[in-house]
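Enquirer: Based on what follows, work out the 3D shape:
(one chain, ligands or ions: 1)
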Amino acid sequence: MPDTQRKKNAPDAGLAGRLADAIGRDGPVTVAAYMAAAASYYYSHAVPFGVQGDFTTAPEISQMFGEMTGAWCVDVWMQSGRPETVHLVELGPGRGTLMADILRSATAWPDFRNAAQVHLVESSRRLRAVQETALAGCGVEVFWHDDLSSVPAGFTLVVANEFFDALPVHQFIRQDGAWHERAVGHDAGKNAFFFTVLPPTVDIDGIMPPDFATAAESSVFEISPASLTVMETLSERLDRDGGAALIVDYGHAQSGLGDTLQALRRHAYADVLENPGGQDVTAHVDFAMLARAARAKSATVFGPVGQGAFLNALGIGLRAEALGKNATPEQREDIARALYRLTSSAGMGVLFKVMAIVPAKSAVVPAGFDGGDA
Ligand code: SAH
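Expert: Residues are numbered from 1 along each chain as shown. The predicted structure is shown next:
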């Protein structure tokens, strides 16, 4: 297993070579284009999650994460008058672990399970196969989609864990009193990628907070139009059909300046410009910007709150205790470790944030938040 994994995540001359050729021919590409190419290659060639992979996500740490998410979904469904059909949508489901845990935890509510159809938005054909195996025998029909547009109309609950951080960001860098778009060039002599600049390809006026217009030399500003488009589509859909969305990711509650692009390989930080397509490249999620996009499409926003606060409010502590009752001492230690990792500020409890949206006209108050925009 470690050998095959190593091969899967090994430097890939395929994508690096293709990118180098394209840059040699047409010139540098934006950071966003580089990130999109790297992510698409990475997710379609590797199964990156878990101890053997490059990083571990919350649902992969413990079933408790999915159980809390499942309880959250059932609660919204109940508050919504128990609609007879629920489109249970997950964006970027990875190995399918979160959805499997949500469905398993919902066995206590057969009416919810009977109402549910699962719709997975997943671009990687390879991960679709992994998800199919994970959900085989779950007793609920599962459909795959390239994006939200093909998910049939009707009451919708959406979950997205570590999805938005994988979507490409455009980076702008302040140089000589002006904003330039950050781009990636390739030095054929050294066979190495390097950062350079291009004229902006996105109109940042009106998007950038006014305070940043005169930022210090070398400041970096990031924006993810792809994320904003998903948020808008999602909000419009919820406004039309009813429902709610739960977004969990690492990032900041307020828009800020700074380069947050990072690469993870085998659980350690790596150089973003090395080995494109062979490691996970992500950026912090700007929750303030996602919230603004949602509000512009008639959504009420709850949070973001820290993942720790959210999971504690949903009762993860009680669940850990209950699981511990029938466990061996070793298993009890595992449960305690997972709880700490998911909820503590030293773990994922603060850096990871949770935001929910519901249509402005909905009376639903999603669990786990103190209150919404109102
Ligand atoms: N939610 C999972 C996996 C997170 S990794 C977990 O928590 O473990 C990101 C996931 O999003 C992967 O499944 C990846 O293939 C998918 N993904 C990335 N970009 C995408 C895009 N543009 N459209 C659809 N899925 C995408």
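Enquirer: Contact residues of the stretch 251-374 of the chain facing the ligand?
Expert: For the stretch 251-374 of the chain, no residues are found near the ligand under the criterion C-beta under 6 Å from any ligand atom. C-beta coordinates here come from the backbone N, C-alpha and C atoms, glycine included.
Enquirer: if we go to 8 Å?
Expert: By C-beta under 8 Å from any ligand atom, the residues of the stretch 251-374 of the chain that approach the ligand are residue 280.
Enquirer: so which residue of the stretch 251-374 of the chain comes closest to the ligand?
Expert: Among the residues of the stretch 251-374 of the chain, residue 280 lies closest to the ligand, at 7.8 Å counting by C-beta to the nearest ligand atom.
Enquirer: Isn't that residue up against residue 265?
Expert: Yes: using C-beta atoms under 8 Å, residue 280 makes contact with residue 265 at a distance of 7.3 Å.
Enquirer: Looking at the two, which is more packed in?
Expert: Counted by other C-beta atoms under 10 Å, residue 280 and residue 265 do not tie: residue 280 has more neighbours, with 23 against 20.
Enquirer: for that one, which residues make a bridge with it?
Expert: residue 264 (DSSP bridges).
Enquirer: which residues sit in contact with it?
Expert: Taking C-beta atoms under 8 Å, 6 or more residues apart in numbering, we find residue 280 in contact with 42, 48, 54-55, 166, 263-265.
Enquirer: In the residues you listed, which has the lowest confidence score?
Expert: Among the contacts of residue 280, residue 48 has the lowest pLDDT, at 78.
Enquirer: That one: how many residues sit nearby?
Expert: There are 24 residues near residue 48, going by other C-beta under 10 Å.
Enquirer: Spatially, what comes nearest to it if we skip its sequence neighbours?
Expert: Ranked by C-beta to C-beta, 6 or more residues apart in numbering and with sequence neighbours excluded, the top spatial neighbour of residue 48 is residue 54, at 4.6 Å.
Enquirer: coming back round to it: list the residues that contact both of residue 280 and residue 265?
Expert: Contacts common to residue 280 and residue 265, judged by C-beta under 8 Å, 6+ apart, are residue 54.
Enquirer: Report whether the expected contact of the residue nearest to residue 48 with residue 275 is present.
Expert: No: counting by C-beta under 8 Å, residue 54 does not reach residue 275; the two are 11.0 Å apart.
Enquirer: can you list residues touching both of those two?
Expert: Joint contacts of residue 54 and residue 275 (C-beta under 8 Å, 6+ apart) are residue 265.
Enquirer: Can you tell me which helices and strands the helix or strand in which residue 335 is found packs against?
Expert: Under the criterion of DSSP states H and E, residue 335 resides in helix 329-343. Applying 3 or more C-beta pairs under 8 Å, 6 or more residues apart in numbering; DSSP states H and E, we find helix 329-343 packed against helix 58-61, helix 63-79, helix 307-313, helix 316-325.
Enquirer: what's the spacing between residue 263 and residue 248?
Expert: 21 Å (C-beta to C-beta, to the nearest Å).
Enquirer: These two: which has the busier surroundings?
Expert: Comparing residue 263 with residue 248 by other C-beta under 10 Å, the one with more neighbours is residue 248, at 28 against 21.
Enquirer: Regarding that one, what is its secondary structure?
Expert: strand (DSSP: H, G, I helix; E, B strand; the rest coil).
Enquirer: Just list the residues touching it, thanks.
Expert: 58, 159-162, 307, 352-354.
Enquirer: Quick check: it vs residue 294, distance?
Expert: 15 Å.
Enquirer: Over to residue 175?
Expert: Per C-beta to C-beta, residue 175 is found 33 Å from residue 294.
Enquirer: what's the answer for residue 105, then?
Expert: 26 Å.
Enquirer: more neighbours, those two?
Expert: Neighbour count, other C-beta under 10 Å: between residue 105 and residue 294, residue 294 has more, with 28 against 20.
Enquirer: thinking that one is in contact with residue 358, fair?
Expert: No: Residue 294 sits out of contact with residue 358 when judged by C-beta under 8 Å, with a separation of 9.7 Å.
Enquirer: Verify the assumption that residue 244 is located in a strand.
Expert: Yes: with three-state DSSP as the criterion, residue 244 is part of a strand.
Enquirer: measure it to residue 293 for me?
Expert: 16 Å.
Enquirer: between the two, which one's more packed in?
Expert: With neighbours defined as other C-beta under 10 Å, residue 244 and residue 293 compare such that residue 244 has more, 27 against 22.
Enquirer: thought the more buried one was touching residue 366?
Expert: Yes: here residue 244 reaches residue 366: they are 5.7 Å apart, a contact under C-beta under 8 Å.
Enquirer: Mind listing the shared neighbours of the two?
Expert: 76, 356, 358.
Enquirer: which one of those has the most neighbours?
Expert: residue 356 (28 neighbours).
Enquirer: Just say helix, strand or coil for that one.
Expert: Looking at residue 356 with three-state DSSP, the answer is strand.
Enquirer: any idea how far it is from residue 224?
Expert: 19 Å.
Enquirer: cool, and residue 235?
Expert: Taking C-beta to C-beta, one finds residue 235 at 16 Å from residue 224.
Enquirer: Likewise for residue 104?
Expert: Residue 104 sits 33 Å away from residue 224, going by C-beta to C-beta.
Enquirer: Between these two, which has more neighbouring residues?
Expert: residue 224 (23 against 16).
Enquirer: In this structure that one contacts residue 163, no?
Expert: No: taking C-beta under 8 Å as the definition, residue 224 is not a contact partner of residue 163, at 11.5 Å.
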